[in-house]
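below: sequence and its predicted model.
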Amino acid sequence: GSMRRKIAIVTDTTTDIPQEMAEEMGIFVAPLTLIIGGKPYRDKVDISSAEFYRMLPDLDPLPTTSGVNPDDFLEAYQKALAEAESVICLTVAAALSMTFSSACSAREKLPQADITVVDSQTAVAGEALIALAAARAAQEGKGKAEVLNLIHDLIPRVDVLLTADTLEYLHRGGRLTAPQALLGKLLGFRPILRLRDGKIVPIGRARSRRQSIAQLLTIMEGEVGQGKEICAAIMHALALEETMKLKDQVAERFRCRELHVLDDLGPVAGTHLGPGTLGVGYYVCPTN
C-alpha cells in the first residue's frame, strides 16, 4: 500500500491557494462561510469568486461572513488523517474571524487524533505563504515539532501590504483598525494597508492606482532591506492584468526564492476588501 505521510496541513479558503497547487502540496482547504440574504454559502464551494463579484454590486446589505463551520473542518481533518499521521491546521487570524475557535472545536470531536491548531495571525497572501512553507517542510519529511517551529518562526516575519479601490468594504465589514478621523483623511484616496498581527491598518494613501502600487513597493523595500532573499505571493481581486505587472515589478526589485500568484480573493475576503484589491504577502527567507 501507499506510505502514510507524517504530517498533513489543513488551512482555510482565505489563503486563495490555487487548487492545483494545494493538491500538489498536499494541503487540505476548509471553506469559510458567507451569508447572503440569510442563506449560507461555503466560500469557493457553493459560490465561486467570479459569481460572487458579479453579484456584489447589487448586494445590499453586504453579505456577512462567519468563518469555517466546525463540520467543514471535521471533514478536512478526516481527509487529512486518511493520508497522514498528524495534522497541523493553520487558520486565518483569530482577531479577524471565528475560524480559529471553530478549528479547535472540530479538533475536540476527534480526541484520539493528533491535531494541532495554529492561529496564523494573518490572512490572505500571508497565511498562504505560511501554509505553503509548512506543506513543503512536511513533504520533505520533517517531523511535527520541526514544522511547528518553522510556522512559529514565520508568523512574526510575514507581512502583507495591499491597496484597495476603496475603504468602504473594510469599514462596513468592521475589519479596519483605524480612528474615525483617519478615515476622513483617506476619502478620495487609494488606501495602502498593512495586515500584520491580526490587524488591518492604513499606512499610506495615494492619488492613483499607479502611485499606490509604487508606494507599496517602496514600503516593502524599506522593510526587506538590501539584497535579502524573499518568498512572496501576489493577491488580487479582479485585477489580473495589474497582478501580472506587480508580479514583474516584485521579481525585478527583489531576490525572490519564490513568487506565487494566488487565485482571485475568495468571496469572504472579497466581502471585506472589495474588488480591485491588489497586494503582496512576503517574508525575508530565514538564513540557514
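Perfect, thanks for sending it.

what helices or strands is the helix or strand where Lys245 lies leaning on?
Following DSSP states H and E, one finds Lys245 within helix 240-253. Using 3 or more CB pairs under 8 Å, 6 or more residues apart in numbering; DSSP states H and E, the elements in contact with helix 240-253 are helix 209-224, strand 229-236, strand 255-264, strand 278-284. (Each C-beta comes from the backbone N, C-alpha and C, glycine too.)

point out the most buried one among the ones you listed.
strand 278-284 (a mean of 25; mean count of other CB atoms under 10 Å).

mean confidence (pLDDT) on stretch 118-128, please.
For stretch 118-128, the mean per-residue pLDDT is 98.

using CSV, write out every CA atom in that stretch.
Output of stretch 118-128 as CSV, limited to C-alpha atoms (Å, rounded to 0.1, in the frame of the first residue of the first chain):
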residue,chain,number,x,y,z
VAL,A,118,-2.3,27.3,15.0
ASP,A,119,-3.5,30.9,14.6
SER,A,120,-1.5,32.3,11.7
GLN,A,121,-2.2,35.9,12.9
THR,A,122,-2.5,36.8,9.3
ALA,A,123,-4.8,36.0,6.3
VAL,A,124,-4.8,36.0,2.5
ALA,A,125,-1.3,36.0,1.0
GLY,A,126,0.4,36.0,4.4
GLU,A,127,-1.4,32.9,5.5
ALA,A,128,-0.9,31.3,2.1
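
specify the beta-bridge partners of Ile115.
In this structure, Ile115 bridges to Val87 when assessed by DSSP bridges.

how about it, what does it touch?
Going by CB atoms under 8 Å, 6 or more residues apart in numbering, Ile115 touches Tyr77, Leu81, Ser86, Val87, Ile88, Cys89, Arg107.

any stretches of the stretch 1-150 of the chain with poor pLDDT?
Scanning the stretch 1-150 of the chain for pLDDT under 70 picks out 1-3.

can you pull out the strands in this protein?
With DSSP state E as the criterion, the chain has strands at 5-12, 27-30, 32-36, 39-42, 64-68, 84-91, 114-119, 159-163, 190-196, 199-206, 229-236, 255-264, 278-284.

which strands or helices does the first one pack on?
Strand 5-12 is packed against strand 27-30, helix 70-83, strand 84-91, helix 124-139, helix 144-154, with contacts defined by 3+ CB pairs under 8 Å, 6+ apart.

in it, which residues are buried?
Lys6, Ile7, Ala8, Ile9, Val10, Thr11, Asp12 (16 or more other CB atoms under 10 Å).

so which of those residues comes closest to Leu34?
Ranked by distance to Leu34 (CB to CB), those are led by Asp12 at 12.7 Å.

residues contacting that closest one?
Contacts of Asp12 by CB under 8 Å, 6+ apart are Val29, Ala30, Pro31, Leu32, Val68, Thr91, Val92, Thr99, Glu127.

quick check: bridge partners of the nearest residue in space to Thr177 that is not next to it in sequence?
Spatially, and ignoring its direct neighbours in sequence, Thr177 is nearest to Lys199 (4.4 Å; CB to CB, 6 or more residues apart in numbering). Note on Lys199: beta-bridge partners by DSSP bridges are Arg196.

for my notes, please list the buried residues of strand 5-12 in JSON lines and give distance to Pro111 for each entry.
Output for the buried residues of strand 5-12, formatted as JSON lines (distance: CB to CB, whole Å):
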{"residue": "Lys6", "distance to Pro111": "20"}
{"residue": "Ile7", "distance to Pro111": "19"}
{"residue": "Ala8", "distance to Pro111": "18"}
{"residue": "Ile9", "distance to Pro111": "21"}
{"residue": "Val10", "distance to Pro111": "17"}
{"residue": "Thr11", "distance to Pro111": "22"}
{"residue": "Asp12", "distance to Pro111": "22"}
